[in-house]
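*Asks:* model this:
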Amino acid sequence: MNRLFSFTLICCTLIAVLCGSVIAIANATVPPNASLIPEFALCGQTPCYLGLTPDKTLFREASSIIATAQVDAVEIAPGSYDLPHFNTHLHIASTVGVIDEIDVSFNPGNALVAGEIIQRFGAPCYAASLGSTLAIKYPHLAVFFAMDKSGASGILRPGSRVIQIRLLGGASKDCLPVDNKTIFGWRGFSGY
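*Replies:* Numbers count the residues shown, from 1 in each chain. This next block holds a predicted model:
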């Protein structure tokens, strides 16, 4: 009886140590290139990318600013650039000569994840589910994530991939009140 009890205790202890080790290693592992992209910055009080700032930078100045940033940008069309070094695509929108919106789309190989965004910027103003994509909104900023499959629906996890970041100007820059059925208050990763 004593041997059976000792054997069971040793097995349970080993399993607990192994499970704890796996959990600790999984939480400590950071994907390569996972830090927030250094090209995102604050220009004054407004988020900017490569020195381009919504509501401030003139659209006609964008290509020269991108050229001086030395990022090996390939202009695909006016206001649209491929940035192979960063594994991203950049699109700049303008309605009256001043940049209204800067969209940075991340290619699938990019390792920027939801947990980093939430850790860096905190709880967003709100979240909106768009099929298999979840959008969260901050002042001057919207972030789109690829949700992980969970049965018939999607779920946002800290490791969910960032698809796109939009720097917003004009009327889109502020957070709207949560007053409809498609926009939800943020309650965490599993309860947005």
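
*Asks:* where do the helices sit along this structure?
*Replies:* 2-28, 62-68, 114-121 (DSSP state H).

*Asks:* chain center to the second one, what's the gap?
*Replies:* Its chain's average C-alpha position is 24 Å from that of helix 62-68, according to C-alpha atoms, centre = their mean, to the nearest Å.

*Asks:* gap between the closest residue to residue 72 other than its chain neighbours and residue 125?
*Replies:* Once flanking residues are discounted, residue 72 sits nearest to residue 85: 5.2 Å by C-beta to C-beta, 6 or more residues apart in numbering. In this view, the C-beta of every residue, glycine as well, is placed from N, C-alpha and C. Going from residue 85 to residue 125 by C-beta to C-beta, to the nearest Å gives 32 Å.

*Asks:* With residue 117 instead?
*Replies:* 13 Å.

*Asks:* more crowded one of the two?
*Replies:* Taking other C-beta atoms under 10 Å, residue 117 and residue 125 do not tie; residue 117 has more neighbours (21 against 18).

*Asks:* What pLDDT does the model give that one?
*Replies:* Listed pLDDT for residue 117 reads 88.

*Asks:* Ignoring the adjacent residues along the chain, who's closest to it?
*Replies:* That would be residue 143: by C-beta to C-beta, 6+ apart, it lies 5.3 Å from residue 117.

*Asks:* tally of neighbours for that neighbour?
*Replies:* The tally of other residues near residue 143 (other C-beta under 10 Å) stands at 21.

*Asks:* Touching, it and residue 135? I think so.
*Replies:* Yes - judged on C-beta atoms under 8 Å, residue 143 makes contact with residue 135 at a distance of 7.1 Å.

*Asks:* which residues does the most centrally placed residue in the chain form a beta bridge with?
*Replies:* Centrality entry for the chain: nearest residue to the mean C-alpha point is residue 162, 4.0 Å, by C-alpha atoms, centre = their mean. On the basis of DSSP bridges, residue 162 is bridged to residue 145.

*Asks:* distance of it from residue 143?
*Replies:* 6 Å.

*Asks:* Give me the common contacts of the two.
*Replies:* Jointly contacting residue 162 and residue 143 under the rule C-beta atoms under 8 Å, 6 or more residues apart in numbering are residue 117.

*Asks:* Lowest-scoring secondary structure element of the protein by mean pLDDT?
*Replies:* Lowest mean confidence among the helices and strands of the chain (mean pLDDT, DSSP states H and E): helix 2-28, at a mean of 51.

*Asks:* one step back: just checking, the residue nearest to residue 72 touches residue 71?
*Replies:* Yes - contact criterion C-beta under 8 Å: residue 85 and residue 71 qualify, at 6.1 Å.

*Asks:* Can you pick out the residue with more neighbours from these two?
*Replies:* Between residue 85 and residue 71, residue 71 has the larger neighbour count (other C-beta under 10 Å), namely 17 against 10.

*Asks:* Excluding covalently adjacent residues, which one is nearest to the more buried one?
*Replies:* residue 83 is the one closest to residue 71 (C-beta to C-beta, 6+ apart), at 5.6 Å.
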